[in-house]
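In: Quick one: sequence plus predicted model below, questions after.
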Amino acid sequence: MTHLAYCLAAWLFAVGLYGVVTSRNMVHLIICLSVVQSSTYALLLAIGYRAGAAAPVFADIPSGTPAVDPVVQALMLTDVVVEVTIMALLLALAVLAYERTGKLDPNDLGMIRG
């Protein structure tokens, strides 16, 4: 496999990070964080890819057949669960901030007291 997947992961990370730095809206900021998180998907896919390898189900495969590493697949599933949890929490905080202040610009929020 070429280094295209690694370049894609770096590009997604850079674009998402640029969006995080320049964001003036909390929802845009959360979406950009999701793009940064997506760069880890591309990186894990690049790490776990093996040309000509079979799925890591060893029931019908003869021994010695190359297989894809199942640890990378488990990491990918964990990464998806963590991203969904973080996005739900951040979106709930953005809704709460908008309800209390009427603004979504992080620079205009200041201190939010309970």
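Out: Now that the structure is in, tell me what you want to look at.
In: Which residue ranges of this structure form helices?
Out: 4-22, 26-48, 70-101, 106-109 (DSSP state H).
In: okay, which residue is most central for this structure?
Out: residue 37 (2.0 Å; CA atoms, centre = their mean).
In: Run a quick neighbour tally on the residue nearest to that residue when sequence neighbours are not counted.
Out: Of all residues not flanking residue 37 in the chain, residue 83 sits nearest, at 4.7 Å (CB to CB, 6 or more residues apart in numbering). C-betas here are computed from N, CA, C, even on glycine. Neighbour count of residue 83, defined by other CB atoms under 10 Å: 17.
In: mind checking how far residue 83 is from residue 15?
Out: As judged by CB to CB, to the nearest Å, residue 83 and residue 15 stand 17 Å apart.
In: before we move on, what about residue 74?
Out: For residue 74 relative to residue 15 (CB to CB), the value is 27 Å.
In: The two: who's more crowded?
Out: The residue with more neighbours, out of residue 74 and residue 15, is residue 15; 15 against 11, by other CB under 10 Å.
In: show me what contacts that one?
Out: Residue 15 is in contact with residue 35, counting by CB atoms under 8 Å, 6 or more residues apart in numbering.
In: give me the number of residues near the residue nearest to residue 80 when sequence neighbours are not counted?
Out: Nearest non-adjacent residue to residue 80, counting by CB to CB, 6+ apart: residue 41, 8.0 Å away. By other CB under 10 Å, 16 other residues sit near residue 41.
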